[in-house]
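In: Structure of the sequence below:
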Amino acid sequence: MRVLFVASGNKPDGLSVITHNQAESLKAKSIDLEIFAVTGTGFKGYFRNIFILKRYLKNNSFDIIHAHYALSAFVATLAGARPLVVSLMGSDVKAKRYYKYILKVLSYFFWNKTIVKSQDMKDSLKIKNVLVIPNGVDFNKFVQIPKETALSRTSWDRKKRHILFAADPGRTEKNYILAKKVVALLGDNELELNHLGNEPYEIMQYLYNAADVVLLTSHWEGSPNVIKEAMACNRPIVCTDVGDVEENFRGISGCFICSYQPEDVAEKIELALQLESTDARGQISNLSSDIIADRIIEVYQSILKN
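Out: As a prediction, the model looks like this:
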(Lines give C-alpha, C1' and ligand atoms only; values in the text may rest on other atoms or scores of the structure.)
Protein backbone atom coordinates (compact mmCIF):
# COMPACT_ATOMS: atom_id res chain seq x y z
CA MET A 1 0.00 0.00 0.00
CA ARG A 2 1.39 3.39 -1.03
CA VAL A 3 0.45 6.28 1.24
CA LEU A 4 1.24 9.97 0.97
CA PHE A 5 1.25 12.13 4.09
CA VAL A 6 0.44 15.79 3.45
CA ALA A 7 1.52 17.90 6.41
CA SER A 8 3.11 21.19 7.35
CA GLY A 9 6.86 21.24 7.02
CA ASN A 10 7.32 24.61 8.71
CA LYS A 11 8.70 23.36 12.02
CA PRO A 12 12.43 23.92 12.68
CA ASP A 13 13.01 20.20 12.05
CA GLY A 14 10.42 19.95 9.29
CA LEU A 15 7.37 17.90 10.26
CA SER A 16 5.82 18.07 13.69
CA VAL A 17 7.03 15.32 16.03
CA ILE A 18 3.56 13.79 16.20
CA THR A 19 3.21 13.52 12.42
CA HIS A 20 6.75 12.20 12.03
CA ASN A 21 6.24 9.55 14.70
CA GLN A 22 2.99 8.37 13.13
CA ALA A 23 4.72 8.09 9.77
CA GLU A 24 7.50 6.00 11.30
CA SER A 25 5.01 3.70 13.06
CA LEU A 26 3.26 3.04 9.72
CA LYS A 27 6.56 2.41 7.93
CA ALA A 28 7.33 -0.17 10.62
CA LYS A 29 4.16 -1.95 9.46
CA SER A 30 5.56 -2.15 5.90
CA ILE A 31 3.48 0.75 4.59
CA ASP A 32 5.22 2.40 1.62
CA LEU A 33 4.90 5.97 2.85
CA GLU A 34 6.08 9.26 1.40
CA ILE A 35 5.71 12.77 2.76
CA PHE A 36 4.68 15.93 0.97
CA ALA A 37 5.73 18.80 3.24
CA VAL A 38 3.65 21.95 2.88
CA THR A 39 6.13 24.81 3.21
CA GLY A 40 5.44 28.50 3.53
CA THR A 41 3.10 30.31 5.87
CA GLY A 42 -0.02 32.39 5.50
CA PHE A 43 -2.57 32.27 2.70
CA LYS A 44 0.02 32.71 -0.08
CA GLY A 45 2.26 29.99 1.31
CA TYR A 46 -0.47 27.37 1.52
CA PHE A 47 -2.14 28.46 -1.75
CA ARG A 48 1.11 28.00 -3.66
CA ASN A 49 1.34 24.41 -2.41
CA ILE A 50 -1.99 23.48 -4.00
CA PHE A 51 -0.45 23.58 -7.48
CA ILE A 52 2.79 21.94 -6.38
CA LEU A 53 0.87 19.04 -4.82
CA LYS A 54 -1.41 18.76 -7.86
CA ARG A 55 1.63 18.27 -10.11
CA TYR A 56 3.16 15.82 -7.64
CA LEU A 57 0.00 13.70 -7.60
CA LYS A 58 -0.16 13.74 -11.39
CA ASN A 59 3.35 12.29 -11.59
CA ASN A 60 3.05 9.83 -8.68
CA SER A 61 0.47 7.22 -7.79
CA PHE A 62 -0.78 6.62 -4.23
CA ASP A 63 -3.47 4.38 -2.78
CA ILE A 64 -4.25 6.79 0.08
CA ILE A 65 -3.49 10.44 0.75
CA HIS A 66 -3.54 11.31 4.45
CA ALA A 67 -3.52 15.01 5.40
CA HIS A 68 -2.70 16.20 8.92
CA TYR A 69 -4.23 19.39 10.33
CA ALA A 70 -6.96 21.39 8.61
CA LEU A 71 -4.75 23.73 6.55
CA SER A 72 -2.88 20.83 4.96
CA ALA A 73 -6.24 19.16 4.37
CA PHE A 74 -7.44 22.28 2.51
CA VAL A 75 -4.36 22.07 0.29
CA ALA A 76 -4.90 18.37 -0.41
CA THR A 77 -8.62 18.88 -1.11
CA LEU A 78 -8.07 21.71 -3.58
CA ALA A 79 -5.26 19.75 -5.24
CA GLY A 80 -7.76 16.98 -5.99
CA ALA A 81 -6.19 14.37 -3.69
CA ARG A 82 -8.33 11.21 -3.62
CA PRO A 83 -8.98 9.04 -1.69
CA LEU A 84 -8.34 11.45 1.14
CA VAL A 85 -8.08 10.78 4.88
CA VAL A 86 -7.86 13.82 7.14
CA SER A 87 -6.59 13.93 10.72
CA LEU A 88 -7.73 16.99 12.67
CA MET A 89 -5.41 17.50 15.61
CA GLY A 90 -7.05 19.91 18.07
CA SER A 91 -6.58 23.58 17.30
CA ASP A 92 -8.34 23.13 13.97
CA VAL A 93 -11.50 21.90 15.74
CA LYS A 94 -11.46 24.31 18.67
CA ALA A 95 -12.16 27.15 16.28
CA LYS A 96 -14.86 29.65 15.39
CA ARG A 97 -18.27 28.46 14.21
CA TYR A 98 -17.76 29.32 10.54
CA TYR A 99 -14.49 27.39 10.48
CA LYS A 100 -16.20 24.31 11.92
CA TYR A 101 -18.88 24.65 9.27
CA ILE A 102 -16.22 24.55 6.54
CA LEU A 103 -14.75 21.41 8.10
CA LYS A 104 -18.19 19.79 8.14
CA VAL A 105 -18.81 20.54 4.47
CA LEU A 106 -15.42 19.26 3.40
CA SER A 107 -15.72 16.16 5.56
CA TYR A 108 -19.11 15.32 4.08
CA PHE A 109 -18.41 15.98 0.40
CA PHE A 110 -14.65 15.58 -0.16
CA TRP A 111 -12.96 13.58 2.60
CA ASN A 112 -13.26 9.80 2.58
CA LYS A 113 -12.65 9.62 6.30
CA THR A 114 -12.09 12.19 9.03
CA ILE A 115 -10.11 11.33 12.16
CA VAL A 116 -10.08 13.32 15.39
CA LYS A 117 -8.02 12.68 18.49
CA SER A 118 -10.62 12.56 21.26
CA GLN A 119 -14.35 12.26 21.92
CA ASP A 120 -14.27 15.87 23.06
CA MET A 121 -13.11 16.90 19.58
CA LYS A 122 -15.82 14.79 17.96
CA ASP A 123 -18.48 16.35 20.19
CA SER A 124 -17.18 19.82 19.33
CA LEU A 125 -17.18 19.15 15.59
CA LYS A 126 -20.62 17.48 15.62
CA ILE A 127 -20.02 15.15 12.68
CA LYS A 128 -21.42 11.64 13.23
CA ASN A 129 -19.13 9.58 11.00
CA VAL A 130 -15.89 10.97 12.43
CA LEU A 131 -13.48 8.39 13.86
CA VAL A 132 -11.73 8.91 17.19
CA ILE A 133 -8.14 7.66 16.95
CA PRO A 134 -5.68 9.34 19.34
CA ASN A 135 -2.01 9.79 18.58
CA GLY A 136 0.09 6.90 19.78
CA VAL A 137 2.95 6.82 22.27
CA ASP A 138 6.33 5.21 21.60
CA PHE A 139 6.49 2.77 24.52
CA ASN A 140 10.03 1.80 23.60
CA LYS A 141 11.22 5.37 24.05
CA PHE A 142 9.10 6.57 26.97
CA VAL A 143 9.91 4.36 29.93
CA GLN A 144 10.46 4.93 33.62
CA ILE A 145 14.13 5.53 34.48
CA PRO A 146 15.80 6.48 37.79
CA LYS A 147 15.36 10.13 38.70
CA GLU A 148 19.07 10.70 39.24
CA THR A 149 19.83 9.33 35.80
CA ALA A 150 17.22 11.63 34.30
CA LEU A 151 18.45 14.68 36.23
CA SER A 152 21.95 14.14 34.90
CA ARG A 153 20.61 14.91 31.40
CA THR A 154 19.06 18.22 32.48
CA SER A 155 20.36 21.53 33.82
CA TRP A 156 17.94 21.45 36.74
CA ASP A 157 18.98 22.12 40.34
CA ARG A 158 19.45 18.72 42.00
CA LYS A 159 18.71 20.20 45.43
CA LYS A 160 15.15 21.12 44.51
CA ARG A 161 11.94 19.33 43.61
CA HIS A 162 10.66 20.00 40.13
CA ILE A 163 7.35 20.70 38.45
CA LEU A 164 7.51 20.31 34.68
CA PHE A 165 5.04 22.55 32.89
CA ALA A 166 4.68 20.34 29.83
CA ALA A 167 4.24 23.06 27.20
CA ASP A 168 5.72 26.19 25.72
CA PRO A 169 4.78 29.14 27.99
CA GLY A 170 4.55 31.38 24.92
CA ARG A 171 1.41 29.60 23.72
CA THR A 172 -1.47 31.37 25.46
CA GLU A 173 -3.83 28.39 25.23
CA LYS A 174 -1.44 26.46 27.48
CA ASN A 175 -2.25 28.85 30.36
CA TYR A 176 1.22 29.22 31.87
CA ILE A 177 -0.08 32.18 33.90
CA LEU A 178 -2.09 29.77 36.04
CA ALA A 179 0.94 27.53 36.60
CA LYS A 180 2.99 30.49 37.87
CA LYS A 181 0.18 31.58 40.17
CA VAL A 182 -0.03 28.09 41.63
CA VAL A 183 3.71 27.83 42.35
CA ALA A 184 3.61 31.25 44.02
CA LEU A 185 0.64 30.08 46.08
CA LEU A 186 2.50 26.97 47.20
CA GLY A 187 5.28 29.20 48.51
CA ASP A 188 7.86 26.41 48.65
CA ASN A 189 11.41 27.64 48.00
CA GLU A 190 12.52 24.07 47.36
CA LEU A 191 10.02 23.74 44.52
CA GLU A 192 11.05 24.85 41.03
CA LEU A 193 8.83 25.37 37.98
CA ASN A 194 10.42 24.23 34.72
CA HIS A 195 8.87 24.35 31.29
CA LEU A 196 9.35 23.07 27.78
CA GLY A 197 10.90 25.20 25.06
CA ASN A 198 12.99 24.07 22.12
CA GLU A 199 14.40 20.94 23.72
CA PRO A 200 15.30 18.12 21.31
CA TYR A 201 12.68 15.39 21.26
CA GLU A 202 15.35 12.90 22.34
CA ILE A 203 15.62 14.52 25.77
CA MET A 204 11.90 14.49 26.54
CA GLN A 205 11.94 11.15 28.35
CA TYR A 206 14.59 12.51 30.73
CA LEU A 207 12.59 15.67 31.47
CA TYR A 208 9.50 13.64 32.37
CA ASN A 209 11.47 11.30 34.60
CA ALA A 210 13.36 14.14 36.28
CA ALA A 211 10.10 15.85 37.21
CA ASP A 212 8.43 15.22 40.55
CA VAL A 213 5.16 16.35 38.98
CA VAL A 214 4.17 16.95 35.36
CA LEU A 215 1.69 19.83 35.06
CA LEU A 216 -0.54 20.97 32.21
CA THR A 217 -3.11 23.76 32.72
CA SER A 218 -4.32 24.17 29.13
CA HIS A 219 -7.61 25.80 28.20
CA TRP A 220 -8.08 23.14 25.53
CA GLU A 221 -6.26 20.21 23.93
CA GLY A 222 -7.05 17.48 21.43
CA SER A 223 -5.28 14.47 22.91
CA PRO A 224 -2.12 15.85 24.54
CA ASN A 225 0.78 13.53 23.83
CA VAL A 226 2.92 15.10 26.55
CA ILE A 227 0.46 13.74 29.09
CA LYS A 228 0.40 10.26 27.57
CA GLU A 229 4.20 10.21 27.33
CA ALA A 230 4.47 11.24 30.99
CA MET A 231 2.00 8.47 31.86
CA ALA A 232 4.17 5.95 29.99
CA CYS A 233 7.02 7.10 32.28
CA ASN A 234 4.78 6.53 35.35
CA ARG A 235 5.03 10.15 36.46
CA PRO A 236 2.60 11.85 38.87
CA ILE A 237 0.55 14.30 36.80
CA VAL A 238 -1.82 17.21 37.39
CA CYS A 239 -3.86 18.36 34.40
CA THR A 240 -7.00 20.31 33.57
CA ASP A 241 -9.93 18.40 32.07
CA VAL A 242 -9.05 18.79 28.40
CA GLY A 243 -9.21 16.43 25.42
CA ASP A 244 -9.15 12.78 26.48
CA VAL A 245 -7.21 13.35 29.71
CA GLU A 246 -10.08 12.49 32.08
CA GLU A 247 -10.71 9.25 30.20
CA ASN A 248 -7.04 8.27 30.32
CA PHE A 249 -6.66 9.17 34.00
CA ARG A 250 -9.72 7.20 35.10
CA GLY A 251 -8.88 4.79 37.93
CA ILE A 252 -5.19 5.73 38.11
CA SER A 253 -3.77 6.81 41.46
CA GLY A 254 -1.36 9.74 41.07
CA CYS A 255 -2.91 11.29 37.97
CA PHE A 256 -5.10 14.20 39.03
CA ILE A 257 -7.69 16.29 37.16
CA CYS A 258 -7.79 19.89 38.39
CA SER A 259 -10.00 22.91 37.82
CA TYR A 260 -8.77 26.36 36.82
CA GLN A 261 -8.81 27.57 40.43
CA PRO A 262 -5.23 28.09 41.71
CA GLU A 263 -6.14 26.64 45.11
CA ASP A 264 -7.41 23.41 43.55
CA VAL A 265 -4.35 23.04 41.31
CA ALA A 266 -2.07 23.65 44.30
CA GLU A 267 -3.91 21.03 46.34
CA LYS A 268 -3.57 18.44 43.57
CA ILE A 269 0.14 19.22 43.16
CA GLU A 270 0.70 18.70 46.88
CA LEU A 271 -0.99 15.29 46.61
CA ALA A 272 1.08 14.40 43.57
CA LEU A 273 4.32 15.41 45.33
CA GLN A 274 3.68 12.74 47.92
CA LEU A 275 4.13 10.03 45.28
CA GLU A 276 7.33 8.79 43.70
CA SER A 277 5.62 7.17 40.71
CA THR A 278 2.32 5.81 39.40
CA ASP A 279 1.09 2.71 37.59
CA ALA A 280 -0.21 4.73 34.66
CA ARG A 281 1.88 2.98 32.01
CA GLY A 282 0.01 -0.28 32.34
CA GLN A 283 -3.32 1.51 32.02
CA ILE A 284 -2.63 3.07 28.60
CA SER A 285 -1.12 0.12 26.74
CA ASN A 286 -3.91 0.52 24.16
CA LEU A 287 -2.33 3.86 23.17
CA SER A 288 0.98 2.43 22.00
CA SER A 289 2.04 3.71 18.58
CA ASP A 290 2.09 0.12 17.34
CA ILE A 291 -1.61 -0.42 18.12
CA ILE A 292 -2.60 3.01 16.81
CA ALA A 293 -0.78 2.27 13.54
CA ASP A 294 -2.87 -0.88 13.13
CA ARG A 295 -6.06 1.14 13.62
CA ILE A 296 -5.02 3.66 10.97
CA ILE A 297 -4.17 0.89 8.51
CA GLU A 298 -7.65 -0.56 9.09
CA VAL A 299 -9.08 2.83 8.04
CA TYR A 300 -7.00 2.77 4.85
CA GLN A 301 -8.05 -0.80 4.07
CA SER A 302 -11.75 -0.06 4.61
CA ILE A 303 -11.58 2.84 2.14
CA LEU A 304 -9.81 0.76 -0.51
CA LYS A 305 -12.24 -2.11 0.01
CA ASN A 306 -15.22 0.14 -0.59
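
In: so how far is Arg161 from the residue lying closest to Lys159 once chain neighbours are set aside?
Out: Nearest in space to Lys159, with sequence neighbours left out and distances taken as C-beta to C-beta, 6 or more residues apart in numbering, is Glu190 at 7.5 Å. Every C-beta, even on glycine, is put in place using the N, C-alpha and C of the backbone. Taking C-beta to C-beta, to the nearest Å as the measure, Glu190 and Arg161 are separated by 6 Å.

In: More neighbours: the two, which one.
Out: Under the neighbour definition other C-beta atoms under 10 Å, Glu190 and Arg161 were set side by side, and Arg161 has more, 14 against 9.

In: hey, where'd the strands end up in the stretch 201-306 of the chain?
Out: With DSSP state E, counting those that start in this stretch applied, the stretch 201-306 of the chain shows strands at 213-216, 237-240, 255-258, listed in chain order.

In: would a markdown table of those with distance to Asp294 and mean neighbour count be doable?
Out: Rendered in a markdown table, the data for those read as follows (distance: least, C-beta to C-beta, whole Å; neighbours: other C-beta atoms under 10 Å):
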| stretch | distance to Asp294 | mean neighbour count |
| --- | --- | --- |
| strand 213-216 | 28 | 26 |
| strand 237-240 | 27 | 26 |
| strand 255-258 | 26 | 22 |
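
In: Can you lay out those as JSON lines showing mean pLDDT and distance to Ile115?
Out: Output for the strands of the stretch 201-306 of the chain, formatted as JSON lines (pLDDT from 0 to 100; distance: least, C-beta to C-beta, whole Å):
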{"stretch": "strand 213-216", "mean pLDDT": "98", "distance to Ile115": "23"}
{"stretch": "strand 237-240", "mean pLDDT": "98", "distance to Ile115": "23"}
{"stretch": "strand 255-258", "mean pLDDT": "98", "distance to Ile115": "25"}
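
In: can you redo these as TSV with distance to Asp120?
Out: Listed next are the strands of the stretch 201-306 of the chain as TSV, based on distance: least, C-beta to C-beta, whole Å:
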stretch	distance to Asp120
strand 213-216	15
strand 237-240	12
strand 255-258	13
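
In: Cool, thanks, signing off.
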